[in-house]
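In: Sharing a model that was predicted from the sequence below.
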Amino acid sequence: MDEERDGESCSPGGEEANGRIEQQNGNNTVLEEATETAAESSPGEHDYTYWPSVRFNVPPNRNYHFSAQFRDSAYSNNFHKGVKWSPDGSCFLSSSEDNKLRLFSLPDYYDGCDPSAYSVAPGTDSYGASVVVDEGEPIYDFCWYPYMSSSDPASCVFATTTRDHPIHLWDATSSTLRCTYRAYDAVDEITAAISVAFNSDGTKIFAGYNKCIRVFNVHRPGRDFKQYSTLKGNKEGQTGIISAIAFSPSHTGMLATGSFSQTTAIYREDNMELLYLLHGQEGGITHVQFSKDGNYLYSGGRKDPYIMCWDVRKAVEVVYKLYRSAAQTNQRIYFDIEPHGRHLATGGEDGLVHIYDLQTGQWISGFQAASDTVNGFSFHPFLPMAVSSSGHRRFQAPDEEDNNFHLSDNENCVSVWRFSCDSSAAETGDNNES
């Protein structure tokens, strides 16, 4: 293991023995201080009540589009694995098969309310990535620091987990490696996490492994962690690889984990006490997410056409199921809930994005986002916008010489969408009542 990936220090210069994460430019701003400052505020520093009333029954406009730069790669079959907006909405992060994460900044001149779409010529990208991080190995999962704000460079970080490597914390402004969090197996070899997530206050990193969860203190990188088995002595509990992790946004101290063994579990964060074990998914869990009020949990699996809704106050049976075309793919397909918490959007193998009313579980609308699998969809935290990613693995015949597989602009792409909204979006008080 090289020094960069195995060093105990959390600063690029290797001088912070106390585990603080120092900004590379030497301005003595540390992530620990950023966490303390943000402890009493909400992630993203934006009031979600100002998210306008969106007209989901009107197809959105494609404002920005990215495909060409993903094909300038040594990987002839490069495709996307997901995309996520930053908590402050200033940029979004995509993961792809070429083992790279690309960060795209939202142009400063965009206010989200201009009715005209920013068009792009076929075969070209709207603009290039601001930051590119090369992991070198397949990326299993990635997540943003929950209090990330572009106005505070120390907080601009995201975590990744890749094959045969520890968890990495990357600087989103300079693409430098801030620090690593390392877990070891029974023979003292580094073992990779399959899922990774920050807790609600941003002080800990929870990572999913085979039949266990390891918890790292953000401010103490290295090999120090607490380990919690998901199985009890009598073999009761959650088996398999912990493949997805989510925390309740209502700060109730609960987290949910999904497993490739087709189960979803709800735990207490402080002592990892198992509260509920949920059965019913047809495939291994690939994504879990709480509702905005923390009362409901949504889970989706691979080769499973349904997202299941659970009431965490009485998690006995499924409240309802939301359909998506995902019965034939092993891909992790991310879904997302808009800031008001009233609607959920998800992609699928058919290239469609489906939008559901979470109060009734009824389908509201859908639109064609790509001509292949839409595996990522993320709502902007306060603008009427969203970003989608698409692509899937293609297999080339032995005598096929065209490495591009004749891909069109709408295959293996990332797109930014703008939804129509009521111009009288100042009605924030009425629109936010639920």
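Out: Looks like it came in fine.

In: hey, let's count contacts and neighbours off CA atoms from now on
Out: OK.

In: can you map out the strands along the stretch 1-150 of the chain?
Out: Ranges of strands in the stretch 1-150 of the chain, per DSSP state E, counting those that start in this stretch, are 61-66, 80-85, 91-96, 100-105, 131-134, 139-144.

In: most packed of these?
Out: Highest mean neighbour count of the strands of the stretch 1-150 of the chain: strand 80-85, a mean of 26 (counted as mean count of other Cα atoms under 10 Å).

In: What is that one packed up against?
Out: strand 91-96, strand 374-379, strand 385-390 (3 or more Cα pairs under 8 Å, 6 or more residues apart in numbering; DSSP states H and E).

In: can you rerun that using 10 Å?
Out: Applying 3 or more Cα pairs under 10 Å, 6 or more residues apart in numbering; DSSP states H and E, we find strand 80-85 packed against strand 91-96, strand 100-105, strand 139-144, strand 374-379, strand 385-390, strand 414-418.

In: picking up where we left off before, nearest approach to D185 belongs to which of the strands of the stretch 1-150 of the chain?
Out: Closest of these to D185 is strand 139-144, at 18.1 Å (criterion: Cα to Cα).

In: That closest one to strand 91-96, inter-axis angle?
Out: Angle of strand 139-144 versus strand 91-96, following axes from the mean of the first three to the mean of the last three Cα atoms, to 10 degrees, is 170 degrees.

In: what is the orientation angle of strand 139-144 with strand 100-105?
Out: Angle between the axes of strand 139-144 and strand 100-105 is 30 degrees (criterion: the same axes, to 10 degrees).

In: Show me how far strand 139-144 is from its chain's centre.
Out: 7 Å (Cα atoms, centre = their mean, to the nearest Å).

In: Heading C-terminal from that strand, find the next helix or strand.
Out: Proceeding N to C from strand 139-144, the next assigned helix or strand is strand 157-162, under DSSP states H and E.

In: one step back: adding distance to A265 and mean pLDDT, write the helices and strands packed on strand 80-85 out as JSON lines.
Out: Output for those, formatted as JSON lines (distance: least, Cα to Cα, whole Å; pLDDT from 0 to 100):
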{"stretch": "strand 91-96", "distance to A265": "26", "mean pLDDT": "95"}
{"stretch": "strand 100-105", "distance to A265": "29", "mean pLDDT": "95"}
{"stretch": "strand 139-144", "distance to A265": "19", "mean pLDDT": "96"}
{"stretch": "strand 374-379", "distance to A265": "23", "mean pLDDT": "94"}
{"stretch": "strand 385-390", "distance to A265": "28", "mean pLDDT": "94"}
{"stretch": "strand 414-418", "distance to A265": "32", "mean pLDDT": "93"}
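
In: Take the ones you listed and lay them out in a markdown table including distance to H354.
Out: Shown next, in a markdown table, are these (distance: least, Cα to Cα, whole Å):
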| stretch | distance to H354 |
| --- | --- |
| strand 91-96 | 21 |
| strand 100-105 | 24 |
| strand 139-144 | 23 |
| strand 374-379 | 10 |
| strand 385-390 | 12 |
| strand 414-418 | 14 |
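
In: Out of the strands of the stretch 1-150 of the chain, which gets nearest to W363?
Out: With Cα to Cα as the measure, strand 61-66 is the member of the strands of the stretch 1-150 of the chain nearest W363 (20.1 Å).

In: What count of nearby residues applies to the residue nearest to G284 when sequence neighbours are not counted?
Out: Nearest residue to G284 in three dimensions, chain neighbours excluded: F260, at 3.8 Å (Cα to Cα, 6 or more residues apart in numbering). F260 sits with 20 neighbouring residues when counted by other Cα atoms under 10 Å.

In: And the one 5 residues further on, by the same measure?
Out: Applying other Cα under 10 Å, we find 20 residues neighbouring A265.

In: N63 against D125, yeah?
Out: No: using Cα atoms under 10 Å, N63 makes no contact with D125, being 11.2 Å away.
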